[in-house]
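1. model this:
(one chain, ligands or ions: 1)
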Amino acid sequence: MATDLQLLAAAIRDIPDFPKPGIVFKDITPILSDGTLFHRSVGELLKLPFYNEPIDKVVGIDARGFIFGAALADRIGAGFIPMRKKGKLPWTTREQSYALEYGEATLEVHADAINPGERILLIDDLLATGGTAAAAMTLIEQMGGSLIGMGFVVELSFLNGREKLGTHPVESLLIY
Ligand code: AMP
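-> Residues are numbered from 1 along each chain as shown. Predicted structure coming up:
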């Protein structure tokens, strides 16, 4: 019988040349649209070795990181912080620019979203070059958050994203 991780891997759809020629986009929407698979994907994130001590807040990255991050936060009883692409958050923000696998962008977070000393878990759907997660890491640490780890559904390990993430624990459900 297939394991939950095998079922997740089988559901992810590879879309060649999206959003640019040469990029193979890992489309996780088939996981989301299947109630059992979505529940199990969050269940797999719950098995990662991050939960020895309580987590105060889960940070999710715009946009697919919101989906997994918020579902995980609800299951562990943590708060949820959206890190958004520039221009979306209404109040005072802190921002950090970064290079993407396909372009450049700026992440923003509300200036009061994280209090010094809070234990923060960072969640995104996919780790590619690591630029996005590194920008999120910088913002969390500048605000005094204690980043206890980073979890991803998918990691494209050939892009060496982990190298940008310092000594923080990094865990991914599916590594390509
Ligand atoms: P990076 O900053 O290069 O690690 O890119 C990670 C961010 O871009 C994540 O928020 C992903 O959702 C998105 N992303 C980058 N590359 C891909 C890809 N091949 N398939 C799906 N999403 C991607």
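2. now what about the one helix or strand residue 82 maps to, what contacts it?
-> Per DSSP states H and E: residue 82 is located in strand 79-85. Here strand 79-85 makes contact (CB atoms under 8 Å, 6 or more residues apart in numbering) with 56-62, 65-66, 69-70, 73-74, 89, 105-110, 113-114, 120, 136, 139. All C-beta atoms are positioned from the backbone trio N, CA, C, and that covers glycine.
3. so what's the spatially most central residue of the chain bridging to?
-> Among the residues of the chain, residue 124 comes closest to the average C-alpha position under CA atoms, centre = their mean, at 1.3 Å. Residue 124 forms beta bridges with residue 152, as assigned by DSSP bridges.
4. stretch 7-27 - what's its average pLDDT?
-> The pLDDT scores in stretch 7-27 average 96.
5. all strands for this structure, in order.
-> For the chain, strands defined by DSSP state E occupy the ranges 13-16, 24-27, 57-61, 79-85, 93-100, 103-110, 119-127, 146-155, 170-175.
6. now those strands in CSV, with distance to the ligand?
-> Formatted as CSV, these follow (distance: least, CB to the nearest ligand atom, whole Å):
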stretch, distance to the ligand
strand 13-16, 8
strand 24-27, 4
strand 57-61, 5
strand 79-85, 10
strand 93-100, 5
strand 103-110, 8
strand 119-127, 4
strand 146-155, 7
strand 170-175, 11
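7. those: which one's closest to residue 3?
-> Nearest to residue 3 among these is strand 170-175; the distance by CB to CB comes to 10.9 Å.
8. give the buried residues for the closest one.
-> Using 16 or more other CB atoms under 10 Å as the test for burial, strand 170-175 gives 170, 171, 172, 173, 174.
9. same deal with stretch 48-63?
-> 48, 50, 55, 56, 57, 58, 59, 60, 61, 62.
10. how long is that stretch end to end?
-> 22 Å (CA to CA, to the nearest Å).
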